[in-house]
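Q: next comes the sequence, and after it the predicted model I'd like to discuss.
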Amino acid sequence: MRPAVLANADFARIQALPRRTVSAADADAWSRVFTAEFARRPGAVLRPWQAAALGEAALQGGLFAALPVGTGKTLLAELLPAVLGASRSVLIVPAALREKTFADRAALRADWRLPLTPPTLLSREELALEAQSRRLYDLAPDLIVIDEGDDFSNPASAAVRRVDRYVRAVRDGALDSARRSRHGGVRVCILTGTPARKSLLGYWHLLCWSLDDGAPVPLAHVDAETWAAAIDLHNGRRPALGPLGPNVHAARAWFRARLAETPGVLLVDEDSAGDVPLTVRQRLAREDATLDDAFRVLLVEGENPAGIPITDDCDRNALSRSRLEAQTGCGLVTYWDPPPPPAWREARRAFARFVRARIEATAGARVPLDTERQVTRAHADHPIVRAWLAVRDTFKPRTRVRWLSPSALDSALDWLADDAGAPGIVWTGSVAFGERLAKRAGLRYYGRLGQTAGGEALLHAPHGRSLVASWPACKKGFNLQPWARQLIVMPPPSAKWLEQIIGRSHRAGQARAVTVDVLVTSGAIADAFEAALAEAAHVADTATLRQKVLRASILRASPECNPSNRFRWATKENRDNGK
């Protein structure tokens, strides 16, 4: 029985781990110690929580630090090799932050005694390339520092698998004798502003890398899955968490304390912007009859206006329900080019209906089916599934995007004109939308790697002028304090990503009140915002940290629903009644 698995030697190990608390006074003391050691000039002072993180790493030999966005993880990452006495360190950052990291490193040397041999800089994207599969073995790092550690939340991704294999090979002694002495041991430090989303499994492996048998989580993946089932944000049946019983609130409270009090784990529940006011407002997009008709097709037929059927709502599915709904609200539609053969299209349509039905039918089951892949495996012998698999590989679909309506685009232009004297950032999840808006408004659009099409970097964006930016590409690392107004178009369906976007402006050093407007283009976007708030509350419930959306003043907007727009503003809760 699964609960018996949890009440085992590993559970006893976790219960017996030392407990400690890190106070603000402790952080101040560490600041004095490390400032004296590393500051080059009078006036250069480590922030208390930066120093506390260095102290935890020095005492434990590893670190899992969840620090508020804007706390100063860049300096922390550069000093960790010196504190830990590493001789071959590697720093992994998102590709969009490589240029910024090199620039910051050069600037920091004026004030701080950084290691003479700086960490080798790798990007997560670079590490995932097939040609880089042996890169860590070639570098033989004795310290791996991962900035933006939440980018490593997917255990199935190539970059995560490669770090995991290297760490396990070194620690388990799996290397041949000729190479073992060169590699020695390896320590791991994880830095993140947003450690969790909906599941413990998004950071379980990060805790294991950084703290090894001092981690406050099971070391075996099968046991970690059961812990996740007990405390995660989901609607399925919950196992008892060992001797704690099946009460989810008690289990989460125990885990929250166990995590926060574990040596080597530093969870800082503060807002880096201090008392600077933050307001998050919902802003209704313009009404549009064309979009209401498009939403009728989405909600009633289960397809987008170009006939592409919806299957699941998996985050990694580019044609998921949430993405297609958000895209439709922005006046865009994805279509197949060239069109698929009729037999392929009909098989896909029938299969999509089958997948949606199975996901809905198993929503409350002990082992629910949540994705297209899970349904395919569970029902491989069903005639509809077999018919789809028989033709799936006969056509390789390619997609393009075209415009249905300019109403959301015009709504963004309205926002830019609201206060011409105060420059702002329009964040968007769609390249097509961002490029068209920038062209219409005469602004720069910063997309892949935080650059314009001409290679201009967001790092050097001119102050005093509004800009348009891709939130998937630019949501992390950049200090964008000069822009205290933000509009989010096609917002991410996650509090973790909202935290990062808002934190570009609402961060340490910001002196002005920050206002973030969320463009609500449909009922689905309003629902997604509420789901993000629930996700943020779950993070606070399990990992202590209160994200910015929980600290903000929130102003909601309610559309005036009538028969002409009922499909566009239908919500997930009342969607069935609207069919």
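A: Perfect, thanks for sending it.
Q: from here on, contacts and neighbour counts on C-alpha atoms
A: Fine.
Q: so which residues of the stretch 451-579 of the chain form helices?
A: Here the stretch 451-579 of the chain has its helices, by DSSP state H, counting those that start in this stretch, at 471-474, 495-502, 523-543, 548-551.
Q: for whichever strand or helix holds A36, packing partners?
A: Assigned by DSSP states H and E, A36 belongs to helix 24-38. Applying 3 or more C-alpha pairs under 8 Å, 6 or more residues apart in numbering; DSSP states H and E, we find helix 24-38 packed against helix 48-60.
Q: now the next helix or strand after the helix it packs on: average pLDDT?
A: Once the chain leaves helix 48-60, the next helix or strand it forms, by DSSP H and E, is strand 63-66. Mean pLDDT, computed over strand 63-66, is 96.
Q: and the average pLDDT for the next helix or strand after strand 63-66 is what?
A: Going down the chain from strand 63-66, the next helix or strand is helix 73-83, by DSSP H and E. Taken as a whole, helix 73-83 carries a mean pLDDT of 95.
Q: strand partners (parallel or antiparallel) of the next helix-or-strand element following helix 73-83?
A: Next along the chain after helix 73-83, taking DSSP H and E as the criterion, comes strand 89-93. Note on strand 89-93: by DSSP bridges, its sheet partners are strand 120-123 (parallel), strand 143-146 (parallel).
Q: got these as CSV, with mean neighbour count and distance to L67 columns?
A: CSV is the format used below for the strands paired with strand 89-93 (neighbours: other C-alpha atoms under 10 Å; distance: least, C-alpha to C-alpha, whole Å):
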stretch, mean neighbour count, distance to L67
strand 120-123, 16, 21
strand 143-146, 26, 13
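Q: now render the ones you listed as a markdown table, adding distance to A380 and mean pLDDT.
A: Converted to a markdown table, these look like this (distance: least, C-alpha to C-alpha, whole Å; pLDDT from 0 to 100):
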| stretch | distance to A380 | mean pLDDT |
| --- | --- | --- |
| strand 120-123 | 38 | 96 |
| strand 143-146 | 39 | 97 |
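Q: how about these, which one is nearest A96?
A: Ranking the strands paired with strand 89-93 by proximity to A96 (C-alpha to C-alpha) places strand 120-123 first, at 8.5 Å.
Q: quick one: buried residues of the following helix or strand past the closest one?
A: Tracing the chain past strand 120-123, the next element assigned as helix or strand by DSSP H and E is helix 124-127. Neighbour-count burial for helix 124-127, with 16 or more other C-alpha atoms under 10 Å as criterion, is recorded at R124, E126, L127.
Q: doesn't T35 make contact with V45?
A: Yes. In this structure V45 lies within contact range of T35 using C-alpha atoms under 8 Å: 5.6 Å.
Q: neighbours of E535, how many?
A: Residues lying near E535 (other C-alpha atoms under 10 Å) number 22.
Q: hmm, I typed the wrong one, I wanted A156.
A: A156 has 9 neighbours, counted by other C-alpha under 10 Å.
Q: then S89?
A: 26.
Q: identify the residues contacting it.
A: Neighbouring residues of S89 by C-alpha atoms under 8 Å, 6 or more residues apart in numbering: P81, P118, P119, T120, P141, D142, L143, I144, V145.
Q: closest one of those residues to D164?
A: Nearest to D164, judged by C-alpha to C-alpha, of the contacts of S89 is I144 at 11.3 Å.
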